[in-house]
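Engineer: heads up, no residue letters with this:
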């Protein structure tokens, strides 16, 4: 098994912003659209290398999405960068009506997902985006958890036909996957096998779940599966059903509990009439006071400490 270094720090917005050059080199139809946040979204290099394929519409996110839809109508593949709340809320109507209704090849790249914006506060947090974007027909919702996966996810977006929303954290992640990792939209990745319980997570919570699972194995000898549900919609139904066979499922996502990953998992369990111990962790249905993201993750119980505690509580119920 790979040895994981939980002190590593990789920043997905740096990796994804820089990797746009590779995506641009692969397809001349790729363009980047910004709302005056090329620095925040780390794609200045693309602008420097492909100035004729980079567009800054100013601080006008609704116009940005509609402009991208127009580019897609003309056969281009626009990658639209901004903070997640500005894409999914400020430009919600444009995402739905201009992009998704026409099933266009627009890639909506939302950084600052969840509470990762920390002391920027609620205006810059995005804890509703999966609920919003997931409810829009034709829209795919993705969330990477490590550098290699982020790149392979972006590669996959070149081949997919239709609109895609990618949410990503600004909190540091660790290296989880090797270079030979095979990524597929709609197919969950098993980070760690286990039979006594399963974590189903996405994004930043994957590293916390992995750390918690390794602690539990060392402390009480229970093997816990860690499932990286990088595709929120369409969710991997088979992976959820398999996880339920362990008898204990803890879902964690940096998102409001309502309408997030936990709801998708719970619907599958209910529809399949599967009985299992189940906990859904995420942001409570209230506005938190601004604070650094790690503090908030700990307070809300979905950092490594919280995930460890939640799983042990479920195991002890048996």
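Structural biologist: Yes, it's here. It should be emphasised that the depicted structure is a prediction, and the values quoted were computed from it without experimental measurement. Numbers count the residues shown, from 1 in each chain.
Engineer: contacts, neighbours, all on C-alpha from now
Structural biologist: OK.
Engineer: I'd like the distance between the residue nearest to the spatial centre of the chain and residue 123.
Structural biologist: Note on the chain: the residue nearest the mean C-alpha position is residue 143, at 1.9 Å, using C-alpha atoms, centre = their mean. For residue 143, the distance to residue 123 (C-alpha to C-alpha, to the nearest Å) stands at 21 Å.
Engineer: Equivalent analysis for residue 261, please.
Structural biologist: Residue 261 is 22 Å from residue 123, by C-alpha to C-alpha.
Engineer: Where do the strands of the protein begin and end?
Structural biologist: Here the chain has its strands, by DSSP state E, at 30-34, 54-56, 77-83, 107-111, 140-142, 164-167, 189-192, 197-201, 224-228, 231-233, 248-256, 277-283.
Engineer: just these: most buried one?
Structural biologist: With neighbours defined as mean count of other C-alpha atoms under 10 Å, the strands of the chain peak in mean count at strand 197-201, which reaches a mean of 28.
Engineer: Let me know the angle separating that one from strand 277-283.
Structural biologist: In terms of direction (axes from the mean of the first three to the mean of the last three C-alpha atoms, to 10 degrees), strand 197-201 departs from strand 277-283 by 30 degrees.
Engineer: Pull the residues that contact strand 197-201.
Structural biologist: 209, 223-230, 240, 243-244, 246-253, 261, 311, 315 (C-alpha atoms under 8 Å, 6 or more residues apart in numbering).
Engineer: quick one, what contacts the closest residue to residue 278 other than its chain neighbours?
Structural biologist: Once flanking residues are discounted, residue 278 sits nearest to residue 249: 4.9 Å by C-alpha to C-alpha, 6 or more residues apart in numbering. Counting by C-alpha under 8 Å, 6+ apart, residue 249 touches 197-200, 243, 276-279, 311.
Engineer: If we use 10 Å, what do you get?
Structural biologist: With contacts defined as C-alpha atoms under 10 Å, 6 or more residues apart in numbering, residue 249 is in contact with 196-200, 224-225, 240, 243, 265, 276-280, 310-311, 314-315.
Engineer: Just the pLDDT at residue 2, thanks.
Structural biologist: For residue 2, the model assigns a pLDDT of 80.
Engineer: now it: how far from residue 176?
Structural biologist: The gap separating residue 2 from residue 176 is 8 Å, by C-alpha to C-alpha.
Engineer: what's the overlap in contacts for those two?
Structural biologist: Here residue 2 and residue 176 have residue 191 as joint contacts, going by C-alpha under 10 Å, 6+ apart.
Engineer: higher neighbour count, those two?
Structural biologist: Neighbours were counted for residue 2 and for residue 176 using other C-alpha atoms under 10 Å; residue 176 has more, 20 against 9.
Engineer: What is the burial count for residue 129?
Structural biologist: When neighbours are counted by other C-alpha under 10 Å, residue 129 registers 27.
Engineer: Can you read off the pLDDT for it?
Structural biologist: In this prediction, residue 129 carries a pLDDT score of 98.
Engineer: my guess is it contacts residue 90, does it?
Structural biologist: No: with contacts counted by C-alpha atoms under 10 Å, residue 129 stays clear of residue 90, the gap being 11.1 Å.
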